Every structure is written in structure tokens, then in C-alpha cells.
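Student: need a 3D model of the following:
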Amino acid sequence: MQETETTTIDVLILANHAEALNGLLYISGGGWTDAHRQLRDGIVPTNHFGIGVSVRVPWHETNVRHKFVLEVQNEDATASVMRAEGEINVGRPPQLTPGDVQHAVLAINVDTVFPAPGAYRVVATIDDGKDTATWPFRVHDTRAG
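Tutor: Next up is the predicted model:
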């Protein structure tokens, strides 16, 4: 067991849809970096997407609350399109070998209207910045014919 190891974000992925169930992360249409939205009569549509996360929790940080923040920001981080916060607390099941690492999976599905086409990023933060992961993506507009 390495006492200097800390809780980290192992996986952050953007998907068409994401679910976390029974310790498993289900991703549908995962890994994309470009969202295309079709404008009709000048109306900007709502975009639906999922965000999947896996957090690595070392033995000595189990049974401790860890603050988690998930945010979708514009390119220069001056505006937030979506923000969710919560806590995770990973326990130690009886069959866990001392020193083993645990993983907590999280999924959130978002329905939002992006204010403009361009670059955005998903930012996941654990324990007030102890670890941060980002996933950049672009929103593109097309006109309906």
C-alpha cells in the first residue's frame, strides 16, 4: 500500500448516453469530440449527451467523503453551461484485501442548449482540485435545408 497515493479521476468520457449501475459504467456512443446541431428557422436545439467518470480511491482514502464537481465550460472557462456537484464515499467490502484500490463510477446525462458554436470542455474535479480531468469538444452548427 502506497500512502502517498491519492484519489484520482481515472476515466472521463463524453458519450451519447451514460449510466452507472451496480459498480459498472455503461457508455453508448462514447468518445466523441464533435457535436453537430441542426438549426431550424433560427431555433437552436437542445443537445443531449452523457458524461461517464471512474474515480480511483486508494485503500487509505476509503470510508472518507470525497467532493466531486462536474462542469461543462466554454473554451476559456469564463462561462459554465452545466455544473453538478456531489460526494462519493467508497467503503471497504469484507472480501477486499488490505491495500486494494476501489473504483467508483459516476454517470450524468445532460440536456442543454449551447449558447454558441465553438470549443467547450468537460471538467471533472475531485476534492477541491486534488485531481482534475478534462475532455475537450466542439459544437458545430448546420442549417436545415
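Student: okay, strands next: where are they in this protein?
Tutor: 8-15, 17-21, 24-28, 34-39, 47-57, 66-74, 80-88, 102-112, 118-126, 131-143 (DSSP state E).
Student: of all those, which lies closest to residue 94?
Tutor: Of all the strands of the chain, it is strand 102-112 that lies closest to residue 94, at 13.3 Å by CB to CB. Heads up, the C-betas are built off the backbone N, CA and C, glycines and all.
Student: residue 50 and residue 17 touch, don't they?
Tutor: Yes: if you go by CB atoms under 8 Å, residue 50 and residue 17 touch, sitting 4.5 Å apart.
Student: now the common contact residues for those two.
Tutor: Counting by CB atoms under 8 Å, 6 or more residues apart in numbering, the residues touching both residue 50 and residue 17 are 27, 28, 109.
Student: and the helix or strand bottoming out on mean pLDDT in the chain, what does it pack against?
Tutor: Within the chain, no helix or strand scores below strand 34-39, which has a mean of 92 by mean pLDDT, DSSP states H and E. Judged by 3 or more CB pairs under 8 Å, 6 or more residues apart in numbering; DSSP states H and E, strand 34-39 is in contact with strand 47-57, strand 131-143.
Student: most tightly surrounded among those?
Tutor: Highest mean neighbour count among the helices and strands packed on strand 34-39 (mean count of other CB atoms under 10 Å): strand 47-57, with a mean of 20.
Student: nearest to residue 116, of the helices and strands packed on strand 34-39?
Tutor: The nearest among these, by CB to CB, is strand 131-143 at 7.7 Å.
Student: mind exporting the C-alpha coordinates of the closest one to PDB?
Tutor: Below are the C-alpha coordinates for strand 131-143, written out as PDB (Å, rounded to 0.1, in the frame of the first residue of the first chain):
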ATOM      1  CA  ASP A 131      -7.200  15.900  -9.200                       C
ATOM      2  CA  THR A 132      -8.800  17.300 -12.400                       C
ATOM      3  CA  ALA A 133      -9.500  15.700 -15.700                       C
ATOM      4  CA  THR A 134     -10.800  17.400 -18.900                       C
ATOM      5  CA  TRP A 135     -12.400  16.300 -22.100                       C
ATOM      6  CA  PRO A 136     -12.400  19.000 -24.900                       C
ATOM      7  CA  PHE A 137     -15.100  19.000 -27.600                       C
ATOM      8  CA  ARG A 138     -16.600  21.300 -30.300                       C
ATOM      9  CA  VAL A 139     -20.100  22.300 -31.100                       C
ATOM     10  CA  HIS A 140     -20.900  22.800 -34.800                       C
ATOM     11  CA  ASP A 141     -24.000  24.300 -36.400                       C
ATOM     12  CA  THR A 142     -25.600  23.200 -39.700                       C
ATOM     13  CA  ARG A 143     -28.600  24.800 -41.400                       C
END
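Student: fine, thanks again, bye for now.
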